[in-house]
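Student: Here's a sequence, model it:
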Amino acid sequence: MRQEIRFGHDIGGTACAMIRVRTNYRPAVFNARHFLNSHSFLDAPFEAQYGYSLSQFICVIWAIANIFNAPPPFFVTDREEDMMRAFGSNLLNSMMRGYRHLEFSSDRLHEEIERRLPLFSVSVTIPREVIATIISSLTLTAQRQADIALWSGGPRFLFIPFGLGDVLDLHALPSLLSNLFVGLAYEPQSRGPAFEEVFRSALRSRGFTVETGVKKAMDGSTRQLDAGVAIGDELFLFECVSIGRPLDYEIGKPATISERNRRLEKKVSQALTLAEFFRANLVGTNFDFGHIRRFVPFVVSPFEEWIWDCSERMWEQDPHQPRILSAGEAIKMLEGRRSSLVAAGS
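Tutor: I've put the predicted structure just below:
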C-alpha cells in the first residue's frame, strides 16, 4: 500500500516548505534490545544450532539496519544542515524502494559492521569471523534458491549478490525475524514463562499495577494468576498462552488450525474458571479483592488469533472484545478502560 507522508525541516531558524510524497514503504521502529530480552530463553539452543549467539546475530542485524539508514556517505560532512539534508534524501529513497545497493567488498562490509557495533552494545563481543558467518547466512546463493517456497514466502535473505556488491533488501527483515526460530530445537515449556514475564513487564512499564502468582483461598484451594490488572472496581484476569506458529498455519492446514484451536479452547476454560474462583473467593490468605465488582477473564497470546466462535464464551461483552487477545490488543484495551475511568471521574 502506498503511504502519503509529509516532509519538512527547520534549518537555521528558517522553516522549509512542507512537501507531500506518496511512498511505497513506511519506516517502523524495531526494538532490538526488547527482542533479545523476550527471547533470552532461546540463547543456548540458538548458539548450539548455529555456532553464534542470538545476541551476536541481532547485533549484526542492528548494524546492517544502521548502515541502511545512515550509509557511509552520510558521515563525509560535519555540517549539521548537510547531514540533515542527506538523511532526509536517504530516508525518502529508502521508503520509495525498500532496498539499497551496497558496492562493498566483503571485507569492507565486515569492517563497517564492526565500526557500528559499539553504538549498540559494548558488552557483546563479535569476532570478524563470526560477522562473516552471519553475513553468509543472510546471503542468497544459487544453492539456497531451491529452499524458497512460494506458499511460505521464504526463507527471506537480506543480501542478494548483484554487480559489484549486494542488494540489501530491508523489506525482508520482518519476515526473517518472524521465522527466525522455525526448526530450532528447544524445550517448549520454557516459552510460556518467558512470555508471561514480558507481558507483565509491558503492563508495568505503562503504569499498571499487576497482580500475579499463586493465590490461596481461605479453604486452601489455589489458582495461578498469570497477570491481573484492577481498573476501578473491575479486575481483568489474563491467562497467558504461547503457542508457536508453524509455517503451515499461514496456509490454513486443517490439522494445524484444529490443534491450535483445541489448545486455545483449553486456555479459555482456564480463564473462565479462574474468574469463577475469584468470584467465589473475594478474600484469600494472600489476596483481598473485596472491592472488585467484576472479574473479566481473557486469554492473551503473542499473536492475533483467529476466533472461531461467536458465543459469549469466546467474546467478552463489556468491553466488547474477543476472549483471546494479542498482548498489544490487551494493553490497548486496558489503556482505553483506564482513560474512560479517568474521563468519567473528571
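
Student: how far out from the middle of the chain is stretch 117-129?
Tutor: Stretch 117-129 sits 23 Å away from the centroid of its parent chain (Cα atoms, centre = their mean, to the nearest Å).

Student: what comes up buried for that stretch?
Tutor: If you call a residue buried by 16 or more other Cβ atoms under 10 Å, then stretch 117-129 has these buried ones: 117, 120-121, 126. C-beta: built from backbone N, CA, C; applies to glycine.

Student: So for that stretch, mean pLDDT?
Tutor: What stretch 117-129 shows for mean pLDDT is 84.

Student: Identify the residues contacting that stretch?
Tutor: For stretch 117-129, contacts defined as Cβ atoms under 8 Å, 6 or more residues apart in numbering pick out 32, 53, 55-56, 59-60, 62-63, 66, 110, 114.

Student: Now with 7 Å, please.
Tutor: If you take Cβ atoms under 7 Å, 6 or more residues apart in numbering as the criterion, stretch 117-129 is touched by 55-56, 59-60, 62-63, 66, 110, 114.

Student: Now secondary structure and distance to residue 23 too, for the buried residues of stretch 117-129, in CSV please.
Tutor: Below are these laid out as CSV (DSSP: H, G, I helix; E, B strand; the rest coil; distance: Cβ to Cβ, whole Å):
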residue, secondary structure, distance to residue 23
117, helix, 30
120, helix, 27
121, coil, 31
126, coil, 33
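
Student: so where do the helices sit in the stretch 51-200 of the chain?
Tutor: Ranges of helices in the stretch 51-200 of the chain, per DSSP state H, counting those that start in this stretch, are 54-69, 80-97, 106-120, 128-137, 173-178, 191-205.

Student: nearest to residue 306, of these?
Tutor: Ranking those by proximity to residue 306 (Cβ to Cβ) places helix 173-178 first, at 17.2 Å.

Student: Compare the helices of the stretch 51-200 of the chain and give me the one nearest residue 42.
Tutor: Per Cβ to Cβ, nearest to residue 42 of these: helix 54-69, 6.1 Å.

Student: Please identify which pair of the buried residues of stretch 117-129 lies farthest apart.
Tutor: 120 and 126 (10.6 Å).

Student: before we move on, back to that, redo the buried residues of stretch 117-129 as CSV? Include distance to residue 340.
Tutor: Output for the buried residues of stretch 117-129, formatted as CSV (distance: Cβ to Cβ, whole Å):
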residue, distance to residue 340
117, 45
120, 39
121, 41
126, 48
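
Student: Relative to residue 94, which of those is nearest.
Tutor: Of the buried residues of stretch 117-129, the one sitting nearest to residue 94 (Cβ to Cβ) turns out to be residue 120, at 19.5 Å.

Student: Quick check: which ranges of the stretch 151-300 of the chain have low pLDDT?
Tutor: Applying pLDDT under 70 to the stretch 151-300 of the chain flags residues 188.

Student: ok, 90 please
Tutor: Residues of the stretch 151-300 of the chain meeting the criterion pLDDT under 90: 151-155, 162-166, 170-171, 174-175, 177-195, 198, 242-253.

Student: before we move on, back to that, just the buried residues out of the contacts of stretch 117-129, in ChimeraX syntax.
Tutor: Selection command for ChimeraX covering only the buried members of the contacts of stretch 117-129, criterion 16+ other Cβ under 10 Å:
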select :55,56,59,60,62,63,66,110
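
Student: Enumerate the helices of the stretch 201-346 of the chain by residue range, in sequence order.
Tutor: Under DSSP H, counting those that start in this stretch, the stretch 201-346 of the chain gives helices at 254-280, 327-345.

Student: Which one, of those, ends up nearest to residue 237?
Tutor: When the helices of the stretch 201-346 of the chain are compared (using Cβ to Cβ), the closest one is helix 254-280, at 5.5 Å.

Student: What sits closest to the residue of the chain most remote from its centre if chain neighbours are left out?
Tutor: What lies farthest from the middle of the chain is residue 219; by Cα atoms, centre = their mean that is 41.1 Å. Computed as Cβ to Cβ, 6 or more residues apart in numbering, the closest residue to residue 219 that is not its neighbour in sequence is residue 281, at 7.7 Å.

Student: Repeat that for residue 132.
Tutor: residue 110 (5.8 Å).

Student: check contacts around that neighbour.
Tutor: 128, 131-132, 135.

Student: 6 Å instead, please
Tutor: With contact set as Cβ atoms under 6 Å, 6 or more residues apart in numbering, residue 110 has these partners: 128, 131-132.

Student: Report how many residues lie close to the residue nearest to residue 301 when sequence neighbours are not counted.
Tutor: Of all residues not flanking residue 301 in the chain, residue 241 sits nearest, at 5.4 Å (Cβ to Cβ, 6+ apart). Number of residues near residue 241 (other Cβ atoms under 10 Å) recorded here: 24.
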